[in-house]
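Enquirer: Provided below are the primary sequence and the corresponding predicted coordinates.
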Amino acid sequence: MLASAGHLMLLADCGGGGNDLVASLVILAAISAWLLVAVLVLRAARDDRERYLLVGLLAGTILLTPLIVALFYSGLFGDDGDTGKLALLLLLPSAIGLGIALWTKAAHVARALFISIWGTILIPFGFYVAFLAALGIGTGCLE
């Protein structure tokens, strides 16, 4: 009985009233804006050495962020209900990027810090934008 009630709730949520195409376009626009800013920062690099470092920092933070989130919610860092601790842990990729930039002196510190933060916010805020677009604009199902 409980399972069928859950199915009815899902059907009620996906019953219409929204526009999945518009929701998908909002998600695509958000991803495009994120990519545009990343490309502009990478193009501002002084030379190829700095550009390679910035691309590495961006890729590293994009890969490290979901790992930190997964480890946090698996209980590795203690209570997974402490969002303040999660926010502090998400500063780690940016701090690592800043440390690498300072240590190698290959990148302008402000660009390195920005690109590290930019990589860190891609995953959590990307899912947040997709979630809000799916529920607020779309039908909630994005078929």
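Expert: Yep, it's here. Numbering: from 1, shown residues only.
Enquirer: Mean pLDDT per helix and strand in this protein: which one sits at the bottom?
Expert: helix 2-13 (a mean of 47; mean pLDDT, DSSP states H and E).
Enquirer: chain center to the following helix or strand past that helix, what's the gap?
Expert: Using DSSP states H and E, the helix or strand that follows helix 2-13 in sequence is helix 20-43. Averaging C-alpha positions (Cα atoms, centre = their mean, to the nearest Å) puts helix 20-43 12 Å from its chain's average.
Enquirer: In whichever helix or strand comes after helix 20-43, which residues are buried?
Expert: Next in sequence after helix 20-43, counting helices and strands by DSSP H and E, comes helix 48-73. Neighbour-count burial for helix 48-73, counted by 16 or more other Cβ atoms under 10 Å, picks out 50-51, 53-54, 57-58, 60-62, 64-65, 68-69, 72. Glycine gets a C-beta too; all of them are placed from N, C-alpha and C.
Enquirer: after helix 48-73, next one along is what?
Expert: helix 83-89.
Enquirer: Now that next one: average pLDDT?
Expert: Averaged across helix 83-89, pLDDT comes to 85.
Enquirer: how about it: buried residues?
Expert: 86, 89.
Enquirer: Contacts made by it with the rest, please.
Expert: If you take Cβ atoms under 8 Å, 6 or more residues apart in numbering as the criterion, helix 83-89 is touched by 68-69, 72, 77-79.
Enquirer: Over to stretch 50-64?
Expert: 38, 41-42, 45, 92-94, 96-97, 100-101, 104, 106-108, 111-112, 115-120, 122-123.
Enquirer: Compute the number of surrounding residues for G126.
Expert: Neighbours of G126 under the rule other Cβ atoms under 10 Å: 14.
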